[in-house]
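In: Need a 3D model of the sequence below.
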Amino acid sequence: MSSPFPPTYESLLNDLAVSLSGPIALDDLIDWVLARRPSRAKNPRQAVRNALRVTFRSPFVFLDPKTLLPKRLAMEGARFRLPLGRRIAGQGTLEMELFARYLRLHFPLREVRFVDTRDQPIPVLYRILEQKVKHPLYRLLGFEGKDKILIADLSVWLRRQNVTRRDDLLVTVLDWQNGVLRLEIEPHKKQQPALIQARDRLLADLLYQILENAADESIWIEDALPLAYARLPEKEACPPHHWQIVLEQDGRFLFDDSRITYADAAPSPLERLILEQTGSPLPRRLQPVTREQEKLVYRFKAVLKHDPHVWREVEIQGGQTLDDLNSILVRAFGHESDHVGGFWKRVPRFGTKTRYREVELGTVDPFGGGDGADVQIAAIGLSEGDELKYVFDFGDWIEHILTLVSIHPPEPGVEYPREISRSKPR
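Out: Okay, here's the model as predicted:
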């Protein structure tokens, strides 16, 4: 008996993804969905587009704005490497969660099938390891919890390979949809460190490009990893390391088991609460400052965002702080001095000056306190043309854009910071 309810967008997209053997144009996909689920919406084609972009379980990735590829095809033949190390080589056990992001979302990890290079089944035993939860929120709230970790015992197969702790385990995704993975051992003497490093860097660059082009300042691993492998040239060639190892070594990323963001991203509200309650400082990526840099003078043009005709030029030395910069800006613009100010570094995304992300530098209060008060100007790592966002009075939100005009030696006998020019009154 047919269902009285129309099929959901999710079920239709899954059906289509399973049936395809290659990419599909966005317009063709929309036509296919609307033929099976006619819509009375004012803009039915937009409704399908929205479903593609907001459905977390979408089985597709966008190769470009007009072309999609099923994730199962993007991940078909994807390869990665895991160093065996002392523990794995000795005990022959792996955490199954390591394979989760290389399979479809919520794939039951106990149902993963391992095969060898001849496509013969590899024997595996599963067991549950209970481990105390280490999340700082649990400690903050006084909770004691345990994670149940699924462990795969591959010791019988590994012993047959005569592995050492310096060997690598190579994993190939044969079937993303149904959880079939091929395992093989790459002996240490056959490894090519320079080539492996190059492949790691290439995968990291692909993931960073995806992050740079994202609408937000974070991406779902569930979407980003298939897209990166879809764009990875010679997928069957020397495999890079596991994605977590690649991101950890690269240094440009923060990540957990579901999302990737920038290494200099501001803490989430929950993370900020934990930092405050534990007395930990706000994490910042600041550069070391030399004595020569402390003396250099940074000239900024500060413009009121809501009225760009109103501007001031100020100079401040590299060894001075955001507290000093806040003070000169308050005086230069005639702001009341009893409010908090905040600073952010504006970083262009994907190499343009049209889209920015904002890296929090900290706040400064009227008494010289705040988590950004002691940040030295030279430690921010600015070059000529770079921009800061400065907000004074978080209630009225008086926003300024500061552009670094120049960096030059100090003038003899001059006291910094100082205002050097301003816009004429209108």
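In: Quick check: end-to-end length of stretch 79-98?
Out: Across stretch 79-98, the straight-line distance between its terminal residues is 13 Å, by CA to CA, to the nearest Å.
In: Provide a list of residues in contact with the most centrally placed residue in the chain.
Out: Closest residue to the average C-alpha location of the chain: Thr261 at 2.1 Å, with CA atoms, centre = their mean. Applying CB atoms under 8 Å, 6 or more residues apart in numbering to Thr261 gives the contacts 211, 217-219, 253-255. Heads up, the C-betas are built off the backbone N, CA and C, glycines and all.
In: Tell me how many other residues surround Ile221.
Out: When neighbours are counted by other CB atoms under 10 Å, Ile221 registers 20.
In: which residue packs closest to it, ignoring adjacent ones?
Out: Distances taken as CB to CB, 6 or more residues apart in numbering put Arg101 closest to Ile221, at 5.2 Å, once the chain neighbours are dropped.
In: Tell me how far that neighbour lies from Met75.
Out: Relative to Met75, Arg101 is positioned 10 Å away (CB to CB, to the nearest Å).
In: Can you pick out the residue with more neighbours from these two?
Out: Met75 (23 against 19).
In: The contacts of Thr261 in helices, which ones?
Out: Leu211 (DSSP state H).
In: Filter the contacts of Thr261 down to just the buried residues.
Out: Those of these that meet the buried threshold are 211, 217-219, 253, 255, by 16 or more other CB atoms under 10 Å.
In: in a helix, that's where the residue nearest to Ile221 is, yeah?
Out: Yes: using DSSP: H, G, I helix; E, B strand; the rest coil, the assignment for Arg101 is a helix.
In: got a list of what it touches?
Out: 221-222, 225, 243, 257.
In: got the buried residues for stretch 291-309?
Out: By neighbour count with 16+ other CB under 10 Å, stretch 291-309 contains the buried residues 293, 296-304.
In: ditto for stretch 370-380
Out: Buried residues in stretch 370-380, counted by 16+ other CB under 10 Å: 370-373, 375-380.
In: coming back round to it: for the residue nearest to the centre of the chain, what is the enclosing helix or strand?
Out: Element membership of Thr261, judged by DSSP states H and E, is strand 259-262.
In: Tell me the strands beside that strand, with direction?
Out: Note on strand 259-262: by DSSP bridges, its sheet partners are strand 218-220 (antiparallel), strand 253-255 (antiparallel).
In: can you tell me which residues contact Pro417?
Out: Shown in contact with Pro417 (CB under 8 Å, 6+ apart): 314-317, 320, 324-325, 327-328.
In: that older thread, from the chain's centre, how far out does the strand holding Thr261 sit?
Out: 2 Å (CA atoms, centre = their mean, to the nearest Å).
In: Give me the buried positions along that strand.
Out: 260-262.
In: Just send those back as JSON lines, with pLDDT and distance to Leu286 too.
Out: As requested, the buried residues of strand 259-262 are exported to JSON lines (pLDDT from 0 to 100; distance: CB to CB, whole Å):
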{"residue": "Ile260", "pLDDT": "95", "distance to Leu286": "23"}
{"residue": "Thr261", "pLDDT": "93", "distance to Leu286": "19"}
{"residue": "Tyr262", "pLDDT": "92", "distance to Leu286": "15"}
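In: so which of those residues comes closest to Ala198?
Out: Ile260 (21.0 Å; CB to CB).
In: pretty sure that closest one contacts Asp216?
Out: No: judged on CB atoms under 8 Å, Ile260 makes no contact with Asp216 at a distance of 11.0 Å.
In: Pick out the least confidently modelled helix or strand of this structure, by mean pLDDT.
Out: helix 136-141 (a mean of 56; mean pLDDT, DSSP states H and E).
In: which is the next helix or strand following it?
Out: On the C-terminal side of helix 136-141, the nearest following helix or strand under DSSP H and E is strand 146-153.
In: where does that following strand sit relative to the chain's centre, distance-wise?
Out: Chain-centre distance of strand 146-153: 26 Å, with CA atoms, centre = their mean.
In: quick one: buried residues of it?
Out: Buried, per 16+ other CB under 10 Å, within strand 146-153: 150-153.
In: Return the closest of these with respect to Glu419.
Out: Leu150 (63.1 Å).
In: how near is the closest residue in space to the closest one that isn't next to it in sequence to His241?
Out: Computed as CB to CB, 6+ apart, the closest residue to Leu150 that is not its neighbour in sequence is Met96, at 4.3 Å. Plainly put, Met96 is 18 Å away from His241 if you go by CB to CB.
In: Looking at those two now, which is surrounded by more residues?
Out: The residue with more neighbours, out of Met96 and His241, is His241; 21 against 17, by other CB under 10 Å.
In: got the phi/psi numbers for the more buried one?
Out: Per-residue torsions, His241: phi -70, psi 170 (degrees, to the nearest 10).
In: Over to the one 4 residues further on?
Out: Geometry field for Ile245 lists phi and psi as phi -70, psi -40, criterion degrees, to the nearest 10.
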